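> for reference, the sequence and a predicted model appear below.
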Amino acid sequence: MLIAHLNRQRHEREAAGLWRQRRIAETACAPRQRVTDGRGVSADRLGFGSNDYLGLAAHPALVEALAEGARRWGVGSGASHLVCGHGRAHAELESLLADLYAPFVPDARALLFCSGFAANLALLTTLGDGSATIFADRLNHASLIDGGLLAAARMQRYPHGRLDILGERLATCRTPIRLIVTDAVFSMDGDVAALPALLALAEAHDAWLVVDDAHGFGVLGERGLGALEHFGLRSERLIYMGTLGKAAGVGGAFVAAHGEIIDALVQAGRSYVYTTALSPALTHALLASVNLIVGEEGAARRRLLEARVARLQAGLPPVLAREAPPAWRLAPSPTAIQPLIVGDNRSALALAAALDESGLWVPAIRPPTVPAGTARLRISLSAAHEEADVDQLCAALVRCIRPVVARQAMSLDAHDGERNFVEAHITPPSAPPERRAPGTGTGTGMEACAAGSGVTPDSASTAGASNRGRP
């Protein structure tokens with residue numbers, strides 16, 4: 001029964017253009033890689049999908065630091081942090097990060113995690129107990145969504161960027177603890193959250209602001225310290241999560257926050273307590289990475305990245321205006337994430353395939369990672385890209401767009417399977433059941449939060465329904 005059930009789901013996903021396949025990178029992470037596809041065919045590709053924004057993933061200094069760390073500390077940590085896996089490399093990196101974020105979070109302390117997903121699960125399940133309400137932007141990353149769903153707290157998802165609606169809900173919320181949760185840079189759109197206004201709301205309504213800066217750390221701010229530095233924010237109400245596997249080029253994540261919050265995560269964060277500590281060799285490499293990011297080389301690489309973004313934004317819109325349907329557009333984004341919105345899944349896949357035939361690897365992103373009807377190519381730029389690489393992408397799109405549009409126009413029923421699958425499996429019900437914290441009884445929930453409790457109905461809107469995933 002299980003295999004037959006999964007097989008039916010597989011066919012439905014394939015019919016909807018939602019089946020995903022992995023490729024094998026045969027060389028180190030870099031704009032140009034040797035890649036083997038699902039048929040076993042290897043070819044060289046120019047890639048625009050990596051989150052290696054500063055080009056540090058194969059940096060010689062980090063490679064050497066990793067080897068040095070392995071020689072000094074070994075490869076594995078052997079246990080969780082609370083058993084015997086917390087080593088000197090971990091302590092030194094946490095101390096460095098705490099010092100770097102003290103200007104933004106007074107008396108900050110830092111805590112390492114194996115991944116950003118683990119960090120967000122720990123944050124929301126630890127802080128979001130039965131006394132709390134979580135207010136989450138609807139386009140937050142999947143780890144924040146899942147953390148909110150696993151938490152005992154009530155969870156409300158407000159429409160993306162609608163701080164007016166968030167303010168109204170905060171004003172009527174009566175739970176003693178309020179957590180505003182947001183991506184800093186939204187991973188599929190590249191836009192930056194209005195953190196100063198969000199912090200002002202937090203301070204006005206006795207709330208705390210949880211900031212997932214996975215795509216801002218290393219990239220934003222004068223020293224690459226992310227969105228808090230970019231906006232010049234300072235408050236003990238800030239709870240900051242940064243990942244170390246994107247711009248930092250290695251892996252893992254950290255939380256920087258008030259000391260009591262860090263202590264609570266150590267005691268009760270299940271995805272911290274019950275997992276093996278990050279490799280000490282990787283941690284040693286991260287010390288080199290963070291120091292590089294905040295130094296002169298990091299600043300130079302951020303300038304290169306800004307130049308690549310500017311070149312794409314200057315070169316691609318004229319191509320789209322000449323070659324593409326009116327609905328296709330380059331989303332407004334000031335960051336390295338430059339989404340080319342196509343709309344339907346099949347067109348996005350066809351365009352990605354046409355680019356692949358031209359020697360470019362640009363991933364197609366589809367539901368549930370993005371809302372239905374907004375499939376896209378997520379163009380991701382790096383300081384390691386050359387100007388000629390960006391020009392090559394624009395030239396390839398000139399060659400590929402019209403044939404793709406023509407082929408898709410010949411298949412008028414191409415979207416039926418896609419639409420049916422999305423309606424059946426991705427679009428949430430119009431009236432999801434109310435969620436209450438344990439012990440609140442079976443009343444209306446108005447006694448806890450006048451704006452309603454649980455996952456609010458507007459979070460089920462088709463226009464915003466997604467299970468955001470960070471590539």
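Yes, it's here.

> identify the residue nearest Leu179 in space, chain neighbours excluded?
Ile134 (4.9 Å; CB to CB, 6 or more residues apart in numbering). Where C-beta positions appear, they are placed from N, C-alpha and C, glycine not excepted.

> output the contacting helices and strands for the helix or strand harbouring that neighbour.
Using DSSP states H and E, Ile134 sits in strand 132-137. Applying 3 or more CB pairs under 8 Å, 6 or more residues apart in numbering; DSSP states H and E, we find strand 132-137 packed against helix 142-150, strand 154-158, helix 163-172, strand 177-183.

> gap between Ser333 and Leu316?
Going from Ser333 to Leu316 by CB to CB, to the nearest Å gives 12 Å.

> spell out the secondary structure type for Gly49.
coil (DSSP: H, G, I helix; E, B strand; the rest coil).

> who are the contact partners of it?
By CB atoms under 8 Å, 6 or more residues apart in numbering, the contact set of Gly49 is Trp361, Val362, Pro363, Arg378, Ser380, Pro471.

> could you give the bridge partners of the fourth one?
Note on Arg378: beta-bridge partners by DSSP bridges are Pro339.

> that one against Ile365, yeah?
Yes: if you go by CB atoms under 8 Å, Arg378 and Ile365 touch, sitting 4.8 Å apart.

> related to what we said a few turns ago, which of the contacts of Gly49 are buried?
Among these, those buried by neighbour count (16 or more other CB atoms under 10 Å) are Trp361, Val362, Pro363, Arg378, Ser380.

> sorry, back to before: need the contacts of Gly49 in TSV (columns: pLDDT).
Supplementary listing: the contacts of Gly49 in TSV, determined by pLDDT from 0 to 100:
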residue	pLDDT
Trp361	97
Val362	97
Pro363	94
Arg378	97
Ser380	98
Pro471	50
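
> of those, just say which sits nearest to Gly298.
Nearest to Gly298 among the contacts of Gly49, counting by CB to CB, is Ser380 at 18.5 Å.

> state the distance from the closest one to Ala285.
22 Å.

> same question, Arg376
33 Å.

> now Pro196
Counting by CB to CB, the gap from Pro196 to Ala285 is 34 Å.

> and the strands in the stretch 251-400 of the chain?
Using DSSP state E, counting those that start in this stretch, the strands of the stretch 251-400 of the chain run over residues 253-257, 329-330, 337-343, 360-361, 364-365, 375-380.

> okay, those in JSON lines with distance to Phe48 next?
Formatted as JSON lines, the strands of the stretch 251-400 of the chain follow (distance: least, CB to CB, whole Å):
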{"stretch": "strand 253-257", "distance to Phe48": "24"}
{"stretch": "strand 329-330", "distance to Phe48": "13"}
{"stretch": "strand 337-343", "distance to Phe48": "9"}
{"stretch": "strand 360-361", "distance to Phe48": "7"}
{"stretch": "strand 364-365", "distance to Phe48": "12"}
{"stretch": "strand 375-380", "distance to Phe48": "5"}
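
> buried deepest among the ones you listed, which one?
strand 253-257 (a mean of 28; mean count of other CB atoms under 10 Å).

> contact partners of it?
Counting by CB under 8 Å, 6+ apart, 93-94, 97-98, 101, 104-105, 108-116, 118-119, 122-123, 214, 238-245, 261-262, 265 sit against strand 253-257.

> the residues you listed in strands, which ones?
Secondary structure assignment by DSSP state E places Arg109, Ala110, Leu111, Leu112, Phe113, Leu238, Ile239, Tyr240, Met241, Gly242, Thr243 of those in strands.

> return the distance of the residue nearest to Glu203 when sequence neighbours are not counted relative to Phe117.
Leaving aside its sequence neighbours, Glu203 sits nearest to Arg237 (CB to CB, 6+ apart; 6.4 Å). In this structure, Arg237 lies at 24 Å from Phe117, with CB to CB as the measure.

> more neighbours: these two, which one.
Phe117 (20 against 17; other CB atoms under 10 Å).

> wait, the more buried one sits on Ser143?
Yes: counting by CB under 8 Å, Phe117 sits close enough to Ser143 to count as a contact (4.1 Å).

> so the strand holding Ile134 versus strand 154-158, what angle?
20 degrees (axes from the mean of the first three to the mean of the last three CA atoms, to 10 degrees).

> so what's the nearest residue to Ala248 once chain neighbours are set aside scoring on pLDDT?
The shortest distance from Ala248 to any non-neighbouring residue, by CB to CB, 6+ apart, is to Ser289 (4.7 Å). Looking at Ser289, its pLDDT stands at 98.

> next one: Ile262
98.

> just checking, it touches Leu111?
Yes: with contact defined as CB under 8 Å, Ile262 reaches Leu111; the gap is 5.0 Å.

> more neighbours: which of the two?
Comparing Ile262 with Leu111 by neighbour count (other CB under 10 Å), the higher total belongs to Leu111, at 25 against 20.

> bridge partners for that one, pull those for me.
Beta-bridge partners, per DSSP bridges, of Leu111: Val255.

> what's near enough to touch it?
Contacts for Leu111 were tallied using CB under 8 Å, 6+ apart; they are Glu94, Phe254, Val255, Ile262, Leu265, Val266, Tyr272.

> which residues touch the first one?
Just to be clear, that refers to Glu94. By CB under 8 Å, 6+ apart, the neighbours of Glu94 are Arg109, Ala110, Leu111, Leu112, Phe254.

> switch these over to JSON lines; also include pLDDT and distance to Ala70.
Converted to JSON lines, the contacts of Glu94 look like this (pLDDT from 0 to 100; distance: CB to CB, whole Å):
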{"residue": "Arg109", "pLDDT": "98", "distance to Ala70": "28"}
{"residue": "Ala110", "pLDDT": "98", "distance to Ala70": "23"}
{"residue": "Leu111", "pLDDT": "98", "distance to Ala70": "23"}
{"residue": "Leu112", "pLDDT": "98", "distance to Ala70": "18"}
{"residue": "Phe254", "pLDDT": "98", "distance to Ala70": "21"}
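
> make JSON lines from the residues you listed and add distance to Glu229 to it.
Shown next, in JSON lines, are the contacts of Glu94 (distance: CB to CB, whole Å):
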{"residue": "Arg109", "distance to Glu229": "18"}
{"residue": "Ala110", "distance to Glu229": "15"}
{"residue": "Leu111", "distance to Glu229": "20"}
{"residue": "Leu112", "distance to Glu229": "20"}
{"residue": "Phe254", "distance to Glu229": "15"}
